[in-house]
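Participant: Sequence plus the predicted model coming up.
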Amino acid sequence: MASPQLDDADAAFHDALLQDDPALLYDRAPCGYLSTTPDGVVVRVNETFLVWTGYRREDLVGRRRFIDLLPVGGRIYHETHYAPTLHMQGTAREIALEVVCADGRRLPVLVNSVLDRDGDGTPLVIRTAVFDATERRRYEREVLAAKRRAEESETRALQLAQTLQQTLIPPTPPHIPGLDVAAAYRPAGDGRHVGGDFYDVFQVSTDDWVVALGDVQGKGAEAAAVTALARYTVRAASVDHDSPSDVLHILDRVLHQAETDRFCTVVLVRLRRVEGEWCATVACGGHPLPLLRRRGQHPVPVGEHGALLGALPGATFTDTEVPLEPGDALVLYTDGVTEGRRLGHFYGTSRLVAVVDEHRGPAADVTDAILADVMTYQSGDARDDIAVVTV
(Lines give C-alpha, C1' and ligand atoms only; values in the text may rest on other atoms or scores of the structure.)
Protein backbone atom coordinates (compact mmCIF):
# COMPACT_ATOMS: atom_id res chain seq x y z
CA MET A 1 0.00 0.00 0.00
CA ALA A 2 1.36 3.42 -0.97
CA SER A 3 2.23 5.85 1.83
CA PRO A 4 0.37 9.20 2.26
CA GLN A 5 3.56 11.03 1.22
CA LEU A 6 3.68 9.11 -2.07
CA ASP A 7 -0.02 9.73 -2.70
CA ASP A 8 0.50 13.47 -2.09
CA ALA A 9 3.44 13.53 -4.52
CA ASP A 10 1.41 11.77 -7.25
CA ALA A 11 -1.50 14.18 -6.77
CA ALA A 12 0.83 17.19 -7.03
CA PHE A 13 2.35 15.83 -10.25
CA HIS A 14 -1.08 15.40 -11.85
CA ASP A 15 -1.94 18.97 -10.90
CA ALA A 16 1.30 20.14 -12.57
CA LEU A 17 0.41 18.22 -15.73
CA LEU A 18 -2.92 20.01 -15.93
CA GLN A 19 -1.20 23.38 -15.53
CA ASP A 20 1.54 22.43 -18.04
CA ASP A 21 4.10 24.43 -16.09
CA PRO A 22 7.74 23.26 -16.70
CA ALA A 23 8.83 24.40 -13.25
CA LEU A 24 5.96 22.54 -11.64
CA LEU A 25 6.64 19.44 -13.76
CA TYR A 26 10.19 19.39 -12.36
CA ASP A 27 9.14 20.12 -8.81
CA ARG A 28 6.25 17.66 -8.74
CA ALA A 29 7.64 14.90 -10.96
CA PRO A 30 6.81 11.27 -10.02
CA CYS A 31 10.47 10.83 -9.02
CA GLY A 32 12.81 12.78 -6.81
CA TYR A 33 15.35 15.13 -8.42
CA LEU A 34 18.56 16.27 -6.81
CA SER A 35 21.35 18.46 -8.14
CA THR A 36 24.61 18.46 -6.22
CA THR A 37 28.10 19.86 -6.57
CA PRO A 38 30.80 17.36 -7.67
CA ASP A 39 31.59 16.74 -4.00
CA GLY A 40 27.92 15.98 -3.28
CA VAL A 41 26.49 19.13 -1.62
CA VAL A 42 22.81 19.51 -2.49
CA VAL A 43 22.15 22.69 -4.52
CA ARG A 44 18.68 21.90 -5.80
CA VAL A 45 15.94 19.44 -4.83
CA ASN A 46 12.39 19.00 -6.06
CA GLU A 47 9.22 18.92 -4.01
CA THR A 48 8.63 15.23 -4.64
CA PHE A 49 11.86 14.26 -2.88
CA LEU A 50 10.98 16.54 0.03
CA VAL A 51 7.48 15.05 0.35
CA TRP A 52 8.86 11.51 0.28
CA THR A 53 11.56 12.13 2.87
CA GLY A 54 9.95 14.74 5.11
CA TYR A 55 12.83 17.21 4.83
CA ARG A 56 12.44 20.95 4.29
CA ARG A 57 14.27 22.54 1.42
CA GLU A 58 16.37 24.64 3.81
CA ASP A 59 17.43 21.42 5.62
CA LEU A 60 19.17 20.18 2.48
CA VAL A 61 20.17 22.92 0.03
CA GLY A 62 23.66 24.13 0.76
CA ARG A 63 23.74 22.24 4.07
CA ARG A 64 23.76 18.49 3.38
CA ARG A 65 25.58 16.20 1.03
CA PHE A 66 23.78 13.37 -0.73
CA ILE A 67 25.97 10.86 1.12
CA ASP A 68 24.73 12.35 4.42
CA LEU A 69 21.25 11.06 3.60
CA LEU A 70 22.42 7.42 3.45
CA PRO A 71 22.78 4.88 6.27
CA VAL A 72 26.26 3.59 7.14
CA GLY A 73 26.17 0.71 4.67
CA GLY A 74 24.97 3.01 1.90
CA ARG A 75 27.74 5.47 2.64
CA ILE A 76 30.35 2.75 2.29
CA TYR A 77 28.84 1.63 -1.01
CA HIS A 78 28.68 5.26 -2.17
CA GLU A 79 32.39 5.77 -1.54
CA THR A 80 33.60 2.42 -2.90
CA HIS A 81 31.30 1.87 -5.89
CA TYR A 82 28.79 4.60 -6.69
CA ALA A 83 31.05 7.69 -6.62
CA PRO A 84 34.01 6.03 -8.45
CA THR A 85 31.69 4.72 -11.17
CA LEU A 86 30.07 8.13 -11.60
CA HIS A 87 33.38 10.01 -11.89
CA MET A 88 35.00 7.42 -14.19
CA GLN A 89 32.06 6.75 -16.54
CA GLY A 90 29.97 9.89 -16.11
CA THR A 91 26.86 7.90 -15.24
CA ALA A 92 25.63 5.50 -12.57
CA ARG A 93 22.38 3.65 -13.21
CA GLU A 94 19.92 1.63 -11.15
CA ILE A 95 21.91 1.89 -7.94
CA ALA A 96 19.89 0.37 -5.09
CA LEU A 97 20.19 2.49 -1.93
CA GLU A 98 18.21 3.57 1.10
CA VAL A 99 17.59 7.19 2.05
CA VAL A 100 17.26 8.02 5.73
CA CYS A 101 14.20 10.27 6.03
CA ALA A 102 13.71 13.17 8.43
CA ASP A 103 11.79 10.97 10.87
CA GLY A 104 14.45 8.22 10.80
CA ARG A 105 12.62 5.76 8.60
CA ARG A 106 14.43 4.33 5.58
CA LEU A 107 13.09 4.75 2.06
CA PRO A 108 14.27 2.13 -0.47
CA VAL A 109 15.23 3.87 -3.72
CA LEU A 110 16.83 3.30 -7.11
CA VAL A 111 19.20 6.06 -8.18
CA ASN A 112 20.29 7.20 -11.65
CA SER A 113 22.97 9.90 -11.75
CA VAL A 114 24.74 11.88 -14.47
CA LEU A 115 27.91 13.95 -14.00
CA ASP A 116 27.97 17.09 -16.18
CA ARG A 117 31.37 18.52 -17.17
CA ASP A 118 32.44 21.74 -18.91
CA GLY A 119 34.35 21.92 -22.18
CA ASP A 120 37.63 21.24 -20.38
CA GLY A 121 36.25 18.15 -18.64
CA THR A 122 35.98 19.77 -15.25
CA PRO A 123 33.07 18.35 -13.21
CA LEU A 124 30.26 20.87 -12.80
CA VAL A 125 27.19 19.27 -11.32
CA ILE A 126 25.73 15.85 -10.54
CA ARG A 127 22.09 15.42 -11.54
CA THR A 128 20.32 12.57 -9.78
CA ALA A 129 16.90 10.98 -10.29
CA VAL A 130 15.59 9.07 -7.29
CA PHE A 131 12.87 6.44 -7.80
CA ASP A 132 10.81 5.03 -4.96
CA ALA A 133 11.52 1.26 -4.74
CA THR A 134 9.30 0.36 -1.80
CA GLU A 135 7.03 -1.98 -3.75
CA ARG A 136 9.96 -3.48 -5.64
CA ARG A 137 11.83 -4.23 -2.40
CA ARG A 138 8.69 -5.75 -0.90
CA TYR A 139 8.28 -7.96 -3.97
CA GLU A 140 11.98 -8.94 -3.84
CA ARG A 141 11.65 -9.88 -0.18
CA GLU A 142 8.57 -11.97 -0.93
CA VAL A 143 10.35 -13.73 -3.79
CA LEU A 144 13.40 -14.35 -1.59
CA ALA A 145 11.22 -15.70 1.21
CA ALA A 146 9.37 -17.98 -1.22
CA LYS A 147 12.68 -19.20 -2.63
CA ARG A 148 13.96 -19.89 0.88
CA ARG A 149 10.80 -21.82 1.77
CA ALA A 150 11.09 -23.86 -1.44
CA GLU A 151 14.74 -24.64 -0.72
CA GLU A 152 13.93 -25.67 2.84
CA SER A 153 11.11 -27.87 1.57
CA GLU A 154 13.42 -29.44 -1.01
CA THR A 155 16.06 -30.03 1.65
CA ARG A 156 13.55 -31.73 3.94
CA ALA A 157 12.32 -33.92 1.07
CA LEU A 158 15.88 -34.81 0.13
CA GLN A 159 16.80 -35.67 3.72
CA LEU A 160 13.67 -37.80 4.03
CA ALA A 161 14.44 -39.65 0.78
CA GLN A 162 18.08 -40.18 1.77
CA THR A 163 17.03 -41.50 5.17
CA LEU A 164 14.58 -43.82 3.48
CA GLN A 165 17.22 -45.09 1.07
CA GLN A 166 19.63 -45.78 3.91
CA THR A 167 17.07 -48.28 5.16
CA LEU A 168 16.92 -49.89 1.71
CA ILE A 169 20.65 -50.53 1.24
CA PRO A 170 22.16 -52.96 3.77
CA PRO A 171 25.33 -51.50 5.33
CA THR A 172 27.13 -54.82 4.74
CA PRO A 173 25.96 -58.15 3.35
CA PRO A 174 25.28 -60.81 5.99
CA HIS A 175 27.72 -63.63 6.68
CA ILE A 176 26.60 -66.81 4.94
CA PRO A 177 28.52 -69.97 5.93
CA GLY A 178 29.94 -71.55 2.80
CA LEU A 179 29.45 -68.47 0.60
CA ASP A 180 31.49 -65.32 0.09
CA VAL A 181 29.17 -62.35 -0.56
CA ALA A 182 30.11 -58.73 -1.30
CA ALA A 183 28.09 -55.75 -2.47
CA ALA A 184 28.64 -52.15 -3.56
CA TYR A 185 26.31 -49.22 -4.16
CA ARG A 186 27.25 -45.88 -5.73
CA PRO A 187 24.57 -43.21 -6.33
CA ALA A 188 24.71 -41.07 -9.45
CA GLY A 189 26.39 -37.67 -9.54
CA ASP A 190 27.37 -36.18 -6.20
CA GLY A 191 25.15 -38.63 -4.32
CA ARG A 192 22.69 -35.99 -3.13
CA HIS A 193 19.73 -37.27 -5.10
CA VAL A 194 18.18 -40.57 -4.22
CA GLY A 195 18.13 -43.13 -6.99
CA GLY A 196 16.13 -46.26 -7.56
CA ASP A 197 18.83 -48.96 -7.40
CA PHE A 198 18.65 -51.37 -4.48
CA TYR A 199 19.90 -54.73 -3.35
CA ASP A 200 19.08 -57.08 -0.51
CA VAL A 201 20.50 -60.31 0.90
CA PHE A 202 18.38 -62.10 3.48
CA GLN A 203 17.82 -65.53 4.98
CA VAL A 204 14.57 -67.44 4.61
CA SER A 205 15.59 -70.53 6.57
CA THR A 206 18.65 -72.65 7.32
CA ASP A 207 20.85 -72.85 4.19
CA ASP A 208 18.19 -70.95 2.26
CA TRP A 209 18.97 -67.38 1.20
CA VAL A 210 17.66 -64.81 -1.28
CA VAL A 211 19.70 -62.21 -3.17
CA ALA A 212 17.67 -59.44 -4.82
CA LEU A 213 18.96 -56.60 -6.94
CA GLY A 214 16.73 -54.10 -8.72
CA ASP A 215 16.32 -50.72 -10.34
CA VAL A 216 13.22 -48.54 -9.95
CA GLN A 217 12.51 -46.03 -12.71
CA GLY A 218 13.47 -42.45 -11.87
CA LYS A 219 14.91 -40.77 -8.80
CA GLY A 220 13.77 -38.89 -5.73
CA ALA A 221 11.34 -39.57 -2.94
CA GLU A 222 8.73 -41.32 -5.10
CA ALA A 223 11.34 -43.69 -6.54
CA ALA A 224 12.57 -44.42 -3.00
CA ALA A 225 9.01 -45.19 -1.91
CA VAL A 226 8.56 -47.66 -4.78
CA THR A 227 11.95 -49.15 -3.93
CA ALA A 228 10.77 -49.75 -0.37
CA LEU A 229 7.58 -51.35 -1.67
CA ALA A 230 9.55 -53.65 -4.00
CA ARG A 231 12.11 -54.64 -1.38
CA TYR A 232 9.61 -55.54 1.32
CA THR A 233 7.28 -57.28 -1.13
CA VAL A 234 10.17 -59.52 -2.21
CA ARG A 235 10.99 -60.28 1.41
CA ALA A 236 7.41 -61.15 2.31
CA ALA A 237 6.70 -63.19 -0.81
CA SER A 238 9.94 -65.17 -0.50
CA VAL A 239 8.76 -66.62 2.82
CA ASP A 240 5.73 -68.33 1.24
CA HIS A 241 7.04 -69.00 -2.27
CA ASP A 242 10.13 -71.07 -3.07
CA SER A 243 10.29 -70.06 -6.72
CA PRO A 244 11.87 -66.68 -7.58
CA SER A 245 9.57 -66.47 -10.62
CA ASP A 246 6.52 -66.71 -8.33
CA VAL A 247 7.95 -63.89 -6.18
CA LEU A 248 8.37 -61.73 -9.30
CA HIS A 249 4.75 -62.44 -10.29
CA ILE A 250 3.60 -61.21 -6.88
CA LEU A 251 5.78 -58.10 -7.10
CA ASP A 252 4.47 -57.38 -10.60
CA ARG A 253 0.88 -57.58 -9.34
CA VAL A 254 1.62 -55.35 -6.34
CA LEU A 255 3.19 -52.67 -8.56
CA HIS A 256 0.20 -52.75 -10.93
CA GLN A 257 -2.11 -52.18 -7.97
CA ALA A 258 0.01 -49.46 -6.38
CA GLU A 259 -0.75 -45.78 -7.00
CA THR A 260 2.34 -45.20 -9.10
CA ASP A 261 3.23 -45.22 -12.78
CA ARG A 262 6.82 -46.26 -12.07
CA PHE A 263 8.06 -49.66 -13.13
CA CYS A 264 11.15 -51.51 -12.03
CA THR A 265 13.53 -54.31 -13.01
CA VAL A 266 14.63 -57.03 -10.60
CA VAL A 267 16.88 -60.09 -10.65
CA LEU A 268 16.22 -62.65 -7.92
CA VAL A 269 18.53 -65.49 -6.90
CA ARG A 270 17.46 -68.18 -4.44
CA LEU A 271 20.47 -69.90 -2.89
CA ARG A 272 19.96 -73.31 -1.25
CA ARG A 273 22.47 -75.78 0.12
CA VAL A 274 21.47 -79.41 0.01
CA GLU A 275 23.87 -82.10 1.28
CA GLY A 276 26.73 -79.61 1.20
CA GLU A 277 26.11 -78.49 -2.42
CA TRP A 278 24.90 -74.99 -3.25
CA CYS A 279 22.40 -74.36 -6.04
CA ALA A 280 21.18 -71.00 -7.34
CA THR A 281 17.75 -70.46 -8.88
CA VAL A 282 17.73 -67.32 -11.04
CA ALA A 283 14.73 -65.31 -12.30
CA CYS A 284 14.82 -61.94 -14.06
CA GLY A 285 12.18 -59.30 -14.60
CA GLY A 286 13.41 -56.80 -17.20
CA HIS A 287 16.88 -56.80 -15.64
CA PRO A 288 20.34 -57.57 -17.05
CA LEU A 289 21.13 -61.26 -16.60
CA PRO A 290 23.72 -62.05 -13.95
CA LEU A 291 27.14 -63.33 -14.98
CA LEU A 292 28.32 -66.78 -13.97
CA ARG A 293 32.05 -67.38 -13.89
CA ARG A 294 33.11 -70.94 -13.34
CA ARG A 295 36.60 -71.98 -12.40
CA GLY A 296 38.81 -71.95 -15.50
CA GLN A 297 36.01 -70.59 -17.74
CA HIS A 298 35.03 -67.18 -19.06
CA PRO A 299 31.98 -65.49 -17.49
CA VAL A 300 28.64 -66.03 -19.27
CA PRO A 301 25.12 -64.67 -18.67
CA VAL A 302 22.73 -67.07 -16.96
CA GLY A 303 18.94 -67.10 -16.79
CA GLU A 304 16.20 -65.92 -19.14
CA HIS A 305 14.91 -62.44 -19.69
CA GLY A 306 11.49 -61.55 -18.30
CA ALA A 307 9.18 -58.56 -18.64
CA LEU A 308 9.48 -55.25 -16.81
CA LEU A 309 7.70 -55.32 -13.45
CA GLY A 310 4.61 -53.15 -13.10
CA ALA A 311 4.59 -52.16 -16.78
CA LEU A 312 2.96 -54.83 -18.95
CA PRO A 313 -0.08 -57.09 -18.53
CA GLY A 314 0.43 -60.86 -18.59
CA ALA A 315 4.14 -60.74 -17.72
CA THR A 316 5.98 -64.06 -17.56
CA PHE A 317 9.11 -65.01 -15.62
CA THR A 318 11.30 -68.12 -15.80
CA ASP A 319 13.41 -69.93 -13.21
CA THR A 320 16.85 -71.19 -14.19
CA GLU A 321 18.72 -73.68 -11.98
CA VAL A 322 22.46 -73.06 -11.66
CA PRO A 323 24.54 -75.52 -9.60
CA LEU A 324 27.43 -73.75 -7.86
CA GLU A 325 30.82 -75.29 -7.25
CA PRO A 326 33.80 -74.07 -5.19
CA GLY A 327 35.49 -71.19 -6.99
CA ASP A 328 32.39 -70.19 -9.01
CA ALA A 329 31.19 -66.60 -8.92
CA LEU A 330 27.75 -65.14 -9.63
CA VAL A 331 27.74 -61.39 -10.35
CA LEU A 332 24.54 -59.32 -10.24
CA TYR A 333 24.60 -55.71 -11.44
CA THR A 334 22.34 -52.83 -12.48
CA ASP A 335 22.43 -51.07 -15.86
CA GLY A 336 24.38 -48.24 -14.25
CA VAL A 337 27.40 -50.50 -14.88
CA THR A 338 26.98 -51.43 -18.53
CA GLU A 339 25.42 -48.10 -19.51
CA GLY A 340 28.18 -45.98 -17.98
CA ARG A 341 29.15 -43.45 -20.66
CA ARG A 342 32.28 -41.81 -21.96
CA LEU A 343 32.33 -39.66 -25.09
CA GLY A 344 29.01 -41.10 -26.17
CA HIS A 345 30.07 -44.74 -25.79
CA PHE A 346 28.71 -47.27 -23.27
CA TYR A 347 30.90 -49.18 -20.82
CA GLY A 348 29.25 -52.32 -22.19
CA THR A 349 28.92 -55.97 -21.22
CA SER A 350 32.17 -57.02 -22.87
CA ARG A 351 34.26 -54.77 -20.62
CA LEU A 352 32.36 -55.99 -17.57
CA VAL A 353 33.01 -59.62 -18.54
CA ALA A 354 36.72 -58.86 -18.91
CA VAL A 355 36.92 -57.36 -15.41
CA VAL A 356 35.05 -60.30 -13.84
CA ASP A 357 37.28 -62.73 -15.75
CA GLU A 358 40.45 -60.99 -14.61
CA HIS A 359 39.64 -60.77 -10.90
CA ARG A 360 39.27 -64.25 -9.43
CA GLY A 361 39.94 -63.46 -5.79
CA PRO A 362 37.42 -62.90 -2.99
CA ALA A 363 33.96 -61.54 -3.80
CA ALA A 364 34.91 -58.11 -2.44
CA ASP A 365 37.82 -57.91 -4.88
CA VAL A 366 35.50 -58.61 -7.81
CA THR A 367 32.90 -56.09 -6.65
CA ASP A 368 35.46 -53.39 -5.92
CA ALA A 369 37.18 -53.94 -9.26
CA ILE A 370 33.90 -53.54 -11.17
CA LEU A 371 32.97 -50.35 -9.34
CA ALA A 372 36.45 -48.86 -9.73
CA ASP A 373 36.62 -49.65 -13.45
CA VAL A 374 33.18 -48.23 -14.17
CA MET A 375 33.98 -45.03 -12.28
CA THR A 376 37.34 -44.69 -14.05
CA TYR A 377 35.61 -45.17 -17.41
CA GLN A 378 33.29 -42.25 -16.55
CA SER A 379 36.11 -40.06 -15.19
CA GLY A 380 34.68 -40.39 -11.68
CA ASP A 381 31.26 -38.98 -12.59
CA ALA A 382 28.57 -41.67 -12.41
CA ARG A 383 25.70 -40.79 -14.77
CA ASP A 384 23.44 -43.39 -13.14
CA ASP A 385 23.25 -45.31 -9.90
CA ILE A 386 25.45 -48.39 -9.69
CA ALA A 387 24.75 -51.52 -7.64
CA VAL A 388 26.77 -54.76 -7.74
CA VAL A 389 26.46 -57.97 -5.74
CA THR A 390 28.96 -60.82 -6.07
CA VAL A 391 28.39 -64.32 -4.64
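Facilitator: Sure, I can see it.
Participant: Could you report the distance from Val269 to Phe131?
Facilitator: Relative to Phe131, Val269 is positioned 71 Å away (criterion: Cβ to Cβ, to the nearest Å). To be clear about C-beta, it is placed using only N, CA and C from the backbone, and glycine gets the same treatment.
Participant: So which of those two has more stuff around it?
Facilitator: Val269 (25 against 14; other Cβ atoms under 10 Å).
Participant: Surely that one touches Ala280?
Facilitator: Yes. At 5.2 Å, Val269 and Ala280 qualify as touching, with contact defined as Cβ atoms under 8 Å.
Participant: can you map out the helices along the protein?
Facilitator: Under the criterion DSSP state H, helices of the chain are mapped to 4-19, 22-27, 47-53, 57-60, 72-77, 83-89, 134-168, 221-240, 244-257, 335-338, 349-358, 363-377.
Participant: Let me know which of the ones you listed is the nearest to Ala188.
Facilitator: Judged by Cβ to Cβ, the one of those that comes nearest to Ala188 is helix 335-338, at 7.3 Å.
Participant: And for that closest one, what's in contact with it?
Facilitator: Applying Cβ atoms under 8 Å, 6 or more residues apart in numbering, the contact partners of helix 335-338 are 186, 188, 197, 215, 265, 288, 346-349, 352, 370, 374, 382-388.
Participant: residues shared between the contacts of Val269 and Ala280?
Facilitator: Joint contacts of Val269 and Ala280 (Cβ under 8 Å, 6+ apart) are Leu330, Val391.
Participant: Which of the contacts of helix 335-338 are buried? Put it as a ChimeraX command.
Facilitator: In ChimeraX, this line selects whichever of those come out buried by 16 or more other Cβ atoms under 10 Å:
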select :186,188,197,215,265,288,347,349,352,370,374,382,384,385,386,387,388
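Participant: So which of the contacts of helix 335-338 are in strands?
Facilitator: With strands taken from DSSP state E, the overlap with the contacts of helix 335-338 comprises Arg186, Asp197, Asp215, Thr265, Phe346, Ile386, Ala387, Val388.
Participant: Please give me every residue in contact with Gly348.
Facilitator: Neighbouring residues of Gly348 by Cβ under 8 Å, 6+ apart: Thr338.
Participant: how close does it sit to Thr338?
Facilitator: According to Cβ to Cβ, Gly348 and Thr338 sit 6 Å apart.
Participant: Surely Arg44 and Ser35 touch.
Facilitator: Yes. Counting by Cβ under 8 Å, Arg44 does reach Ser35; the two are 3.9 Å apart.
Participant: Give the residue from these two that has the larger number of neighbours.
Facilitator: Ser35 (17 against 14).
Participant: what residues are up against the more buried one?
Facilitator: Val42, Val43, Arg44, Val45, Val125, Ile126, Arg127, Thr128.
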